[in-house]
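>>> I would like to see how this sequence folds:
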Amino acid sequence: MKSLLIVASLYLCFSGFAAADLVVINDGSRLACRILNVEEGTIKLETTYAGTVNIDQKKVTSFTTDEEVLFRVSGGKTLVGKPAAGGEQGFGIQSGDVFHDVGIKAVDRVLPVSGEVPARALEAFRESGLKRKWHFSGGFDFLGKNGNSEDFSIGGNFEAKLKGEHDVLAFSAAYENREKNGSKTADRSTGGVSYEVFRKDTTGWYVRSEIERDAITSVDLRSTSAGGFSYRFLNEKDHTLVGRLGPGYRYTAYEGNKEDESSMTLDLGLAHNYRFNDFLSIKTDITYVPGVIGSGNDRLVQDSGFVFPLAGNRKWKVRMGIRNEFESEPAVSENLDTTYYTRIIYSWD
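A predicted model of the protein is given here:
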C-alpha cells in the first residue's frame, strides 16, 4: 500500500469517517477503528477500546469503510467509491456498478466525501498529486594521506529535481580531482539536464543532455543528447525499476592527436532503486551509449551505491559506491576506469 494519507489540515474532513472503518493486519487481526492518517510509513487509527494506535503501514493488507471515499491512486487519478476485495490484485474500488481493480499498493491518498466536505478541500486533494516540488541534494568527499604515499582527492556533486506526480525535471553537476604521489589520477567535471514524463502507470518518454570534460582520458569536451521511451518495470514505494531506450547524438573533442568524433548513437538506460528498510537502500544507474553512425566507440557507465542516514538524521546521508566507465575506443591505453567512493550527502526541499 503506497499511502492512505488523510490530510488533517483540510477543514477537519475526517468527520466523514464513521467509527466503523476496518483495518486488516497481515497476521489476520481485524481492527474496528476510525482512520486518521498515514504519514512516513505509519497509519494512525482512533479506536474506542485503545485510544490512538499507530501501525506500521507495511503490516496492513486491506481496509474497508461504510461511506464512500475519494481515492487518489498511482498516476494521479481520483476515484470515488468504496474499498472492496476482489479482482486480480485482491483489492479495488467499487464506484457504483463499476469495479476498479487498482491493487492496494496503488492507493496513494484517501479523503472522505460524505457530509459537507468543502469544495476547496476536494480541489486541493485532487491537485496535491499534480503539484511540483523542488528537491535538492549536495554531496562531497575528501581524502588526504601523508606518509608512505601522498594521496589527495576532492569531489562534489549537486542535484536539483522538480518533481510532480507524472514528471521529473532534473539538473546535475559534479566535479572530481584526485592525486597520488604528485600524479593526477582524476580530473573531471560534468553537467546535465533531463526531463521525464509518465502519462500512464508504466509508459512514458524522456529527453536528456549532458556535457563532460575529463583530462585523464584526454576528453576536452563530450556532449551527449538523447530522447526516447521510458518503461516502468517496477513502481512500488520501496522498489522501482525504470528502463529507457531512444536515439541520440554524441560529439567528442579530444586533447592530443586523437581526431574529434561525432556519431549517431543509441541511448539505453536502467535505473534501479530498492529500500531495504528505513536505514539502508541501494541505488544503481546504468547507461550504455553505443556508436551507430559515424563512430564505433561504445560507452558504458555504471554507478551503484548503498545509501544510509548519518547518525539517524534523514537529511544527512552517506553513500558508499563504485563507478565503472568503459570505452571501446578510448584516447588513452585503458578501456575501463573504476572509482570507489564514500560521499556525504545533504538533502533539502
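
>>> So in the chain, where's the weakest helix or strand by average pLDDT?
helix 119-128 (a mean of 56; mean pLDDT, DSSP states H and E).

>>> what bits of the protein have low per-residue confidence?
Along the chain, the model assigns pLDDT under 70 to residues 1-20, 36-42, 57, 74-76, 88, 97, 111-131, 143-149, 312.

>>> Domain parsing of it, as residue ranges.
13-128, 133-348 (automatic domain parsing).

>>> would you list the ones you listed in a markdown table and tack on mean neighbour count?
For every residue, glycine as well, the C-beta is placed using N, CA and C. Below are the domains of the chain laid out as a markdown table (neighbours: other C-beta atoms under 10 Å):
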| stretch | mean neighbour count |
| --- | --- |
| domain 13-128 | 16 |
| domain 133-348 | 15 |
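
>>> rewinding a little: show me what the helix or strand following the least confident helix or strand of the chain packs onto, helices and strands only.
The C-terminal neighbour of helix 119-128 among helices and strands, as given by DSSP states H and E, is strand 133-145. Applying 3 or more C-beta pairs under 8 Å, 6 or more residues apart in numbering; DSSP states H and E, we find strand 133-145 packed against strand 151-163, strand 336-348.

>>> how about those in CSV, adding distance to residue 290?
Formatted as CSV, the helices and strands packed on strand 133-145 follow (distance: least, C-beta to C-beta, whole Å):
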stretch, distance to residue 290
strand 151-163, 26
strand 336-348, 16
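
>>> any chance you could map the strands in the stretch 51-200 of the chain?
51-56, 60-64, 69-73, 78-85, 91-95, 98-100, 107-112, 133-145, 151-163, 167-180, 183-198 (DSSP state E, counting those that start in this stretch).

>>> Grab the CA positions of the fourth one and hand them over as CSV.
Listed in CSV are the C-alpha atoms of strand 78-85, where the atom choice follows Å, rounded to 0.1, in the frame of the first residue of the first chain:
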residue,chain,number,x,y,z
THR,A,78,-9.0,10.3,-8.5
LEU,A,79,-11.9,7.8,-7.9
VAL,A,80,-14.9,8.0,-5.7
GLY,A,81,-16.2,4.7,-4.2
LYS,A,82,-15.8,2.1,-1.5
PRO,A,83,-12.8,-0.1,-1.0
ALA,A,84,-13.7,-3.7,-1.9
ALA,A,85,-12.0,-7.1,-2.2
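
>>> quick one: which of the strands of the stretch 51-200 of the chain is nearest residue 236?
Checking the strands of the stretch 51-200 of the chain against residue 236 by C-beta to C-beta gives strand 107-112 as the closest, at 12.1 Å.

>>> chain center to stretch 260-275, what's the gap?
Between the centre of stretch 260-275 and the centre of its chain there are 17 Å (C-alpha atoms, centre = their mean, to the nearest Å).

>>> same deal with stretch 176-192?
Put simply, stretch 176-192 sits 28 Å off its chain's centre (C-alpha atoms, centre = their mean).

>>> what does it rub up against?
By C-beta atoms under 8 Å, 6 or more residues apart in numbering, the list of residues contacting stretch 176-192 from outside reads 149-155, 170-175, 208-216, 339.

>>> before we move on, what about stretch 342-349?
Here stretch 342-349 has contacts from 133-141, 155, 157, 305, 307, 310, 314-321, using C-beta under 8 Å, 6+ apart.

>>> Setting aside sequence neighbours, what's the nearest residue to residue 203?
residue 231 (5.9 Å; C-beta to C-beta, 6 or more residues apart in numbering).

>>> elements contacting the one helix or strand that neighbour maps to?
Using DSSP H and E, residue 231 sits within strand 219-235. Other helices and strands packing on strand 219-235, by 3+ C-beta pairs under 8 Å, 6+ apart, are strand 183-198, strand 203-214, strand 239-254, strand 261-275.

>>> so what strands line up beside the second one?
In the sheet containing strand 203-214, its partner strands are strand 183-198 (antiparallel), strand 219-235 (antiparallel), by DSSP bridges.

>>> wait, isn't residue 104 in contact with residue 91?
Yes: using C-beta atoms under 8 Å, residue 104 makes contact with residue 91 at a distance of 4.0 Å.

>>> Mind putting the strands of the stretch 51-200 of the chain into JSON lines with distance to residue 296?
Formatted as JSON lines, the strands of the stretch 51-200 of the chain follow (distance: least, C-beta to C-beta, whole Å):
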{"stretch": "strand 51-56", "distance to residue 296": "53"}
{"stretch": "strand 60-64", "distance to residue 296": "54"}
{"stretch": "strand 69-73", "distance to residue 296": "46"}
{"stretch": "strand 78-85", "distance to residue 296": "51"}
{"stretch": "strand 91-95", "distance to residue 296": "51"}
{"stretch": "strand 98-100", "distance to residue 296": "50"}
{"stretch": "strand 107-112", "distance to residue 296": "46"}
{"stretch": "strand 133-145", "distance to residue 296": "35"}
{"stretch": "strand 151-163", "distance to residue 296": "31"}
{"stretch": "strand 167-180", "distance to residue 296": "27"}
{"stretch": "strand 183-198", "distance to residue 296": "23"}
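
>>> Which one of those strands lies nearest to residue 24?
Smallest distance to residue 24 across the strands of the stretch 51-200 of the chain (C-beta to C-beta): 4.7 Å, for strand 60-64.
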